[in-house]
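[1] Sequence first, then the predicted structure:
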Amino acid sequence: MTKLRMGIIGVGGIAESRHFPAYLHLNKIVEVTAVCDVNSVRAKEVANKFEIEHVYDDYHAMFSIVDAVTICTPNKFHAEIAIAALDAGLHVLCEKPMAMTTAEAELMLEASKRNGKKLSIAYHYRFVESVQLAKKTMNEVGDPLVTRVQAMRRRKVPGWGVFTNQQMQGGGSLIDWGCHLLDAALWLLDKRKPVEVIGQTYNRLSKTPNQINEWGAFDHDTFDVDDHVAAYIRFEDHSTMLFECSWAANIKEDMTQISISGVDGGLQVFPFESYKSKHGAFTTSSAYVQDDQHQAGILQAKNFIESCLGHADLVNKPEESLQVTQLIDAIYESNISGRSVRIP
C-alpha cells in the first residue's frame, strides 16, 4: 500500500501529544518523513524521540521529500506556511484556527483550489463520538430554532507558549478553544448561513493580580487577549445561536456543551441525549459514548490521509473552516465597534 510522506512543521505540545501519536498509529498508510521547527535543538529532540531522519529549521527545505505537511505553529504563521506548501504541490493539514483573519483564510482556500491539493483544518471535535452521533440524529431535530454552545473553563489560561500573545495568536479563548465547539455546532447545523453577529469579549479576570490558574503561570500585566467571550449569532433562516467560551470565568466547574432545539425534537451533545414529544408523552433518549479525544485525533488524521490518497472525502472542508474564521472575526469586530456585524 502507498504511504503518504508527512512533514510536521512546529514540534510543540499539540504536535507531540496529538499528531505524532496519530501518525504512528496509522503507520501502514503514513510515514512522518521530516520535522521542522525554528528551535533546531527542540526539533532534533523530537526527531530522535520519534525516530525521524530529516530535521529542518526552514520549512521550504522539506517540501521536496514529503507529500503533505501538518502545520502546528502559532496562528500567525498558518497562512504563510499553508500557502507555500500548497503552491509547492503538497496537501496541508493545519492546526486550528484556519488563520488569523478571514482575508488570510481566503488566500489559503484559493491556494488549495488553484493547486488542486487538499487543505483541512484540525477541528477534531467533529470526530468525537458524541458529535458524530448528533450528526446522525439531526434529522430527528427537524429545522433548528435555537442552538446553545458553551466552551467554558473556570481557570485554565494556557501558561506556556504564546497563547496569551495577541500578535502571535490573534486572540485568546475564542480563537484557541471556543472555535472547536463553534465549528462542531456549525457542522451539525449543516450549511446554515450566519448573517449577523453581536459579540463581547472580556479579560478583566486574567488582568487581575494573584489569580489562581490551573495551567501554569502567566503575566497579568502583559495579558492582552480575551479570556471570556459571549456572542449572539443570527442565521439566514432566522435560527439563532447563543455562544459563550472562556479560559477564566467565575463558574462552578468547566463545561463543554452544545444543545439544539428544533421543530421536531432536540438534542444535547455532552453527554449525548435527544428529546422528543411522542405517544402523548415527553421522551428522553441517551447513549453511552466514550468521547475519547485521542481516538478523535486518530480518526481526523485517518480521514485526512485517506483523502490525500484518494480513498475518502474530507470531513473537515476548508470552506467550512473559513466560515468559523468569519464568525471569529465578526465577534471581535462587534466587540470593538459596539455594534452588530453583518456577514456578507
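    Nice, I can see it.
[2] From now on I want contacts and neighbour counts done on CA atoms only, so please keep to that.
    OK.
[3] separation between the residue nearest the centre of the chain and Tyr202?
    Residue closest to the average C-alpha location in the chain (C-alpha atoms, centre = their mean): Tyr123, at 3.5 Å. Separation of Tyr123 from Tyr202 (C-alpha to C-alpha, to the nearest Å): 24 Å.
[4] Residue ranges in the stretch 51-200 of the chain under the pLDDT threshold?
    Along the stretch 51-200 of the chain, segments meeting pLDDT under 70 are nowhere present.
[5] That one: helices as residue ranges?
    Ranges of helices in the stretch 51-200 of the chain, per DSSP state H, counting those that start in this stretch, are 78-87, 102-115, 129-141, 166-169, 173, 179-189.
[6] ok, the residue nearest to the centre of the chain - contacts?
    Tyr123 is in contact with Glu95, Lys96, His180, Asp183, Ala184, Asn316, counting by C-alpha atoms under 8 Å, 6 or more residues apart in numbering.
[7] and the residues you listed, which are buried?
    By neighbour count, with 16 or more other C-alpha atoms under 10 Å, those hold Glu95, Lys96, His180, Asp183, Ala184, Asn316 as buried.
[8] Could you identify the most distant pair in these?
    Using C-alpha to C-alpha, those reach their maximum pairwise distance at Glu95 and Ala184, which is 15.1 Å.
[9] residues contacting the spatially closest residue to Glu253 that is not a sequence neighbour?
    Of all residues not flanking Glu253 in the chain, Arg154 sits nearest, at 5.9 Å (C-alpha to C-alpha, 6 or more residues apart in numbering). Residues near Arg154 by C-alpha under 8 Å, 6+ apart: Ser246, Trp247, Ala248, Ala249, Asn250, Ile251, Lys252, Glu253, Asp254.
[10] Filter the residues you listed down to the buried ones, ChimeraX style.
    Here is the ChimeraX selection string for the buried members of those, based on 16+ other C-alpha under 10 Å:
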select :246,247,248,249,254
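[11] Need the single longest helix in the protein, by residues.
    helix 318-337 (DSSP state H).
[12] What helices and strands are in contact with it?
    On a contact count with 3 or more C-alpha pairs under 8 Å, 6 or more residues apart in numbering; DSSP states H and E, helix 318-337 meets helix 102-115, strand 119-122, helix 179-189, strand 194-202, strand 341-342.
[13] now Tyr302: how far from Glu104?
    One correction, residue 302 is Lys, not Tyr. As judged by C-alpha to C-alpha, Lys302 and Glu104 stand 27 Å apart.
[14] Sorry, wrong one. I was asking about Phe20.
    According to C-alpha to C-alpha, Phe20 and Glu104 sit 27 Å apart.
[15] For Asp313, the count of nearby residues, please.
    13 (other C-alpha atoms under 10 Å).
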